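Engineer: Prediction below, plus the sequence it came from.
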Amino acid sequence: MTDQEPGLTRPIGATVTPRPAIAALPQYAAGRPPQPADGLTPYKLSSNENPYGPVDAARQAYRSVDALGRYPDPTAQTLRTTLAEVFDVPAEDIVTGTGSLGALTQLISCFAGTGPDGTVDEVIYPWRSFEAYPIVVRTAGAQDVQVLVDSEGRHDLEAMLAAITDRTTVILLCTPNNPTGPALSHQEVSDFLARVPRDIVVVIDEAYIEFIRAEGAVDALALYRHHPNVAVLRTFSKAHALASLRVGYVISQQEIIGPMRAAAPPFSVSAAAEAAAVASLGHLDEIQITVQNLVYERQRVREALLEAGWDVPAAEGNFVWLPLGEHSTDFAHQAGVLALSVRAFDGEGVRVSIGETEANDRLIELCRSYSLRG
């Protein structure tokens, strides 16, 4: 046997390698669980999870599904119909996905990539923001364009506008921004859209929409009704506390939803997940109570840290951002000693999810002592 078959330009013994774009992808770092410490209850504050869990109706609906040998409805019609009633939008304007990340992946794969002539599309997004953005964009074969947030952790919308080129096909807005916390206002997004070319898809990622209390916050559904290039991205993982079931959705007009529906992976939302999500939507009053409890704790934590001399950006999600820079890894280690897991972004900062009252109290005490060490 020869090392090379006739007609081949590489040896038979060559090893399998992924596409260069895949090999160069950053690794998604999921929040780690807390490590035990003597005499301390461990708390996970690293994944922006809802510590109160889902409403009882959602738990019961999930358990009631026993048709495990049958495929789910590929279009999640019941869920889409319920969402349509809740938000007063046509069910045809909704596409569901495996979490908001799955829905975003569907959207990016439809509108960004590498064209038949080799032209690479560009996707603009703020940075630091959701760490899955570069993974999704680069996996699709597109070029990501990161625009740094400002010193207060806010989108620099002027810089994002300046970054638009003839190759830009998608822009991502994250409000409130994960992990820094500030939310966009309706006026600034409206003004932004007025200056964005009509053929660019603008995604408004609202994974934490239920936690926003800032006056004048963006009304993404109003913008979707007036702008065919706007896509609203939401999830059941945060406020509804259904993170493990992976249910998300996009609301947009048919110019965006049509291609997304055509390219959607079938059966992306399981029957059990759909049942739980529908049940949760039927108990929004209970959801609001747990959300308000988390908002109260978020405000209490931020105010305590500000009083202790910390620089904490406006927080509109279920987390706070500590811009610790080079001290980020050390702070995360100190939190771990106290059985608190937090999410460190090395060299940038630490995102801390709002958890149970005891966990939040322990975080406050850590910050007070840590700030004294300088």
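Structural biologist: All right, it came through fine.
Engineer: And the next helix or strand past the lengthiest helix in the chain?
Structural biologist: In the chain, assigned by DSSP state H, the helix with the most residues is helix 284-307. Following helix 284-307 in sequence order, the next helix or strand is strand 319-322 (DSSP states H and E).
Engineer: by contact count, what packs against that following strand?
Structural biologist: The contact analysis (3 or more CB pairs under 8 Å, 6 or more residues apart in numbering; DSSP states H and E) places strand 319-322 against helix 284-307, strand 349-353. The way it works is simple: take the backbone N, C-alpha and C, and place the C-beta from them, glycine included.
Engineer: Pick the most deeply packed of these.
Structural biologist: With neighbours defined as mean count of other CB atoms under 10 Å, the helices and strands packed on strand 319-322 peak in mean count at strand 349-353, which reaches a mean of 26.
Engineer: now the helices and strands packed on strand 319-322 as JSON lines including distance to residue 44 and mean pLDDT?
Structural biologist: Formatted as JSON lines, these follow (distance: least, CB to CB, whole Å; pLDDT from 0 to 100):
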{"stretch": "helix 284-307", "distance to residue 44": "15", "mean pLDDT": "98"}
{"stretch": "strand 349-353", "distance to residue 44": "8", "mean pLDDT": "98"}
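Engineer: possible to save the ones you listed as TSV with distance to residue 278?
Structural biologist: Formatted as TSV, the helices and strands packed on strand 319-322 follow (distance: least, CB to CB, whole Å):
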stretch	distance to residue 278
helix 284-307	12
strand 349-353	26
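Engineer: Now for residue 71, how many residues are close by?
Structural biologist: Each residue near residue 71 was counted by other CB atoms under 10 Å, and the total is 10.
Engineer: Without its sequence neighbours, what residue ends up closest to it?
Structural biologist: residue 267 (5.4 Å; CB to CB, 6 or more residues apart in numbering).
Engineer: how many neighbours does that neighbour have?
Structural biologist: Quick note: residue 267 (other CB under 10 Å) scores 14 neighbours.
Engineer: Contacts only, for it.
Structural biologist: Counting by CB atoms under 8 Å, 6 or more residues apart in numbering, residue 267 touches 71-72, 74.
Engineer: which among these gets closest to residue 277?
Structural biologist: Nearest to residue 277 out of the contacts of residue 267 is residue 72 (CB to CB; 11.8 Å).
Engineer: where does the closest one land on pLDDT?
Structural biologist: Predicted confidence (pLDDT) for residue 72: 95.
Engineer: Pull out the buried residues from stretch 220-236.
Structural biologist: 220-221, 223-224, 227, 229-236 (16 or more other CB atoms under 10 Å).
Engineer: domains for the chain, by residue range?
Structural biologist: 31-48+285-373, 56-282 (automatic domain parsing).
Engineer: of those, which approaches residue 9 most closely?
Structural biologist: domain 56-282 (20.5 Å).
Engineer: which secondary structure elements does the longest helix of the chain contact?
Structural biologist: Using 3+ CB pairs under 8 Å, 6+ apart, helix 284-307 sits against strand 319-322, helix 357-373.
Engineer: Now the last one: buried residues?
Structural biologist: If you call a residue buried by 16+ other CB under 10 Å, then helix 357-373 has these buried ones: 359-360, 362-364, 366-367, 370.
Engineer: ditto for stretch 158-178
Structural biologist: 160, 163-164, 168-178.
Engineer: I'd like those laid out as TSV, including secondary structure.
Structural biologist: Listed next are the buried residues of stretch 158-178 as TSV, based on DSSP: H, G, I helix; E, B strand; the rest coil:
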residue	secondary structure
160	helix
163	coil
164	coil
168	strand
169	strand
170	strand
171	strand
172	strand
173	strand
174	strand
175	coil
176	coil
177	coil
178	coil
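Engineer: show me where the stretch 101-250 of the chain has helices.
Structural biologist: Secondary structure of the stretch 101-250 of the chain (DSSP state H, counting those that start in this stretch): helices located at 133-139, 157-162, 186-194, 220-226.
Engineer: Show me how far the longest one is from its chain's centre.
Structural biologist: If I follow you right, that is helix 186-194. 21 Å (CA atoms, centre = their mean, to the nearest Å).
Engineer: of the domains of the chain, which approaches residue 12 most closely?
Structural biologist: domain 56-282 (28.2 Å).
Engineer: State the distance spanning the first to the last residue of that closest one.
Structural biologist: 11 Å (CA to CA, to the nearest Å).
Engineer: same check, this time on stretch 206-226
Structural biologist: 18 Å.
Engineer: Many thanks, I have nothing further to ask.
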